[in-house]
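1. give me coordinates for this.
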Amino acid sequence: MIDALQRIDVKQLLDAPANPDLDAFLLIFNRWRQQDDHPSDWVDLADYAHMPRGPGILIAGKRDTFSVNLNPPGLGLLTSVRKALEGTLEDRFREAFRRARELNEAVLAEPEYPKGLTVMQGAWEVFLNDRLLVPNSDQSDRIVRPALAVALGIAPEALARHSNPAGRLGYSVRLPKAR
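-> You can find the predicted model right below:
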């Protein structure tokens, strides 16, 4: 049943000054929203940057949502994959990371991207955003951890599981810098 997973959140952490100005993302995402041919099929833009530990500024699509996100463990570029994942669980993780990297590279290449925000190479957070299908339990961890590790080419022990049993199943991932 976990092989039907569609909701994977992948966040690449950023190094930033205290209280960074995120207004540039409004310009970038507004321009993106006007693209008719993007696979995510952008439909909305929202600004929650006033919330100190919130969703930040996001662009929502029918397939994915992308944001500069302020939720713990810190500022980052968050890709929330919502549909169009196929294959094994490993395949789904590979595709979620591919989409995240593609969107991250696109936003980093934008001329308005804030110069004070730098990518923390290899520092990622992964959340499975479906508590019914994949509860944060030892049983789910036994299935998910090896699949995520295989998809990323790392040892399962390199994944640090988030400890809140009431929260979503999630992992801190530190990939080698060469990735």
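
2. can you point me to the longest strand in this protein?
-> Across the chain, the longest stretch assigned as strand under DSSP state E is strand 118-128.

3. pull out the buried positions in the very next helix or strand once past it.
-> As assigned by DSSP states H and E, the chain's next helix or strand after strand 118-128 is helix 138-152. Buried residues in helix 138-152, counting neighbours by 16 or more other CB atoms under 10 Å, are found at 140-141, 143-145, 147-149, 151-152. All C-beta atoms are positioned from the backbone trio N, CA, C, and that covers glycine.

4. cool, and stretch 81-96?
-> Within stretch 81-96, the residues scored as buried using 16+ other CB under 10 Å are 81-82, 85, 89-90, 92-96.

5. next: stretch 26-38.
-> Buried residues in stretch 26-38, counted by 16+ other CB under 10 Å: 26, 28-29, 32, 38.

6. what's the spacing between that stretch and its chain's center?
-> Computed by CA atoms, centre = their mean, to the nearest Å, the chain-centroid distance of stretch 26-38 equals 19 Å.

7. check stretch 20-34 too.
-> Relative to its chain's centre, stretch 20-34 lies at 17 Å (CA atoms, centre = their mean).

8. re the thing from before, okay if I get the buried residues of helix 138-152 as a markdown table plus distance to residue 49 and pLDDT?
-> Below are those laid out as a markdown table (distance: CB to CB, whole Å; pLDDT from 0 to 100):
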| residue | distance to residue 49 | pLDDT |
| --- | --- | --- |
| 140 | 33 | 94 |
| 141 | 33 | 95 |
| 143 | 36 | 95 |
| 144 | 31 | 96 |
| 145 | 33 | 97 |
| 147 | 34 | 96 |
| 148 | 30 | 97 |
| 149 | 34 | 97 |
| 151 | 32 | 95 |
| 152 | 30 | 95 |
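
9. which one of these is nearest residue 168?
-> Nearest to residue 168 among those: residue 140, at 10.3 Å, using CB to CB.

10. that older thread, now, among the buried residues of helix 138-152, which is nearest to residue 128?
-> Set against residue 128, the nearest of the buried residues of helix 138-152 by CB to CB is residue 144 (6.7 Å).

11. from residue 133, how far off is that closest one?
-> The gap separating residue 144 from residue 133 is 11 Å, by CB to CB, to the nearest Å.

12. who touches both of these two?
-> Common neighbours of residue 144 and residue 133, using CB atoms under 8 Å, 6 or more residues apart in numbering, are residue 2.
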